[in-house]
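Q: structure, please.
(2 chains)
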Amino acid sequence: AQTVTQSQPEMSVQEAETVTLSCTYDTSENNYYLFWYKQPPSRQMILVIRQEAYKQQNATENRFSVNFQKAAKSFSLKISDSQLGDTAMYFCAFMKHATPNDMRFGAGTRLTVKP
Amino acid sequence: DSGVTQTPKHLITATGQRVTLRCSPRSGDLSVYWYQQSLDQGLQFLIQYYNGEERAKGNILERFSAQQFPDLHSELNLSSLELGDSALYFCASSSSERVGYNSPLHFGNGTRLTVT
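A: Numbers count the residues shown, from 1 in each chain, chains lettered A, B, ... in the order given. Here you go, the predicted structure:
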């Protein structure tokens, strides 16, 4: 079974600084997808960034980027120039290529951006 | 706004009761997924429908059932409710049967169920 581990239950960062959230996963699959979702206090789940396992290039979406290390099964999220609106729970998620269901989520990291 | 609509936003009911949660997927999305988010279990996949047919089941209790209608909206029915069923229930949709890079999950705002 695939598991997703987010080892940092809580993190904080000063506004305008950079923070990295860690995520590791366990799988024997070669083809899969990885996602980061953000859940602000409004509780909506918002897709932040996504990565295909067979692409070595790290995905980037504006201030958000990932460091994907396939051999190490690591998928960390870097937030640059942190903003107060980045305060949220961040969930890492794993999805096998071959299945139509059962996206696995980590337990989440609560990020607080301080002014 | 993800385009996925869930109603109601909040629901308070008593143990033993039955409730129905409703979800309208994004326009054009054929797949609907239901997830339960509780404090101690995190996000748990319950069930998936694709174009009206059940495609996959996760950790869904027998007291729970779901369906997807011809207009693609979906309902999650929870019966014989217990205190432990209190949670945030999310609906998500995607454009294809399989979640992938080009068809990620888009979540609704959730329904907060409180069982007293």
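
Q: tell me the residues of chain B that contact chain A?
A: By C-beta under 8 Å from any C-beta of the partner chain, the part of chain B that sits against chain A consists of B:2, B:31, B:33, B:42-43, B:45, B:48, B:50, B:55-56, B:58, B:88, B:90, B:92, B:97-101, B:104-110, B:112. In this view, the C-beta of every residue, glycine as well, is placed from N, C-alpha and C.

Q: how about a cut-off of 6 Å?
A: Residues of chain B found near chain A (C-beta under 6 Å from any C-beta of the partner chain) are B:42-43, B:45, B:48, B:55-56, B:58, B:97-101, B:104, B:107, B:109-110.

Q: where does pLDDT dip in chain A?
A: A:1-2, A:98-101 (pLDDT under 70).

Q: taking the centroid of it, which residue is nearest it?
A: residue A:36 (3.4 Å; C-alpha atoms, centre = their mean).

Q: helix or strand for that residue, which one?
A: Take DSSP states H and E as the rule and residue A:36 turns out to sit in strand A:32-39.

Q: strands paired with that strand, and their directions?
A: When pairing is defined by DSSP bridges, strand A:32-39 lines up against strand A:46-52 (antiparallel), strand A:88-96 (antiparallel).

Q: which ones are touching the nearest residue to residue A:4 once chain neighbours are set aside?
A: Nearest non-adjacent residue to residue A:4, counting by C-beta to C-beta, 6 or more residues apart in numbering or on different chains: residue A:106, 4.0 Å away. By C-beta atoms under 6 Å, 6 or more residues apart in numbering or on different chains, the contact list for residue A:106 reads A:4, A:6, A:23, A:91, A:92.

Q: which residues in chain A form strands?
A: Secondary structure of chain A (DSSP state E): strands at A:3-5, A:10-14, A:19-21, A:24-26, A:32-39, A:46-52, A:60-61, A:64-69, A:74-79, A:88-96, A:104-105, A:109-114.

Q: possible to save these as TSV with distance to residue B:26?
A: TSV is the format used below for those (distance: least, C-beta to C-beta, whole Å):
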stretch	distance to residue B:26
strand A:3-5	25
strand A:10-14	31
strand A:19-21	27
strand A:24-26	27
strand A:32-39	16
strand A:46-52	12
strand A:60-61	19
strand A:64-69	22
strand A:74-79	24
strand A:88-96	18
strand A:104-105	20
strand A:109-114	27
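
Q: so which of those comes closest to residue B:13?
A: strand A:32-39 (24.3 Å; C-beta to C-beta).

Q: check the offset of that closest one from the chain's centre.
A: 5 Å (C-alpha atoms, centre = their mean, to the nearest Å).

Q: how many residues are close by residue 71?
A: This is for chain A. Around residue A:71 there are 5 other residues, counting by other C-beta atoms under 10 Å in any protein chain shown.

Q: the chain in question should be chain B.
A: Neighbours around residue B:71, by other C-beta under 10 Å: 9.

Q: could I get the contacting residues of residue A:63?
A: A:80, A:81.

Q: and it, how far is that from residue B:112?
A: Distance, residue A:63 to residue B:112, by C-beta to C-beta, to the nearest Å: 30 Å.
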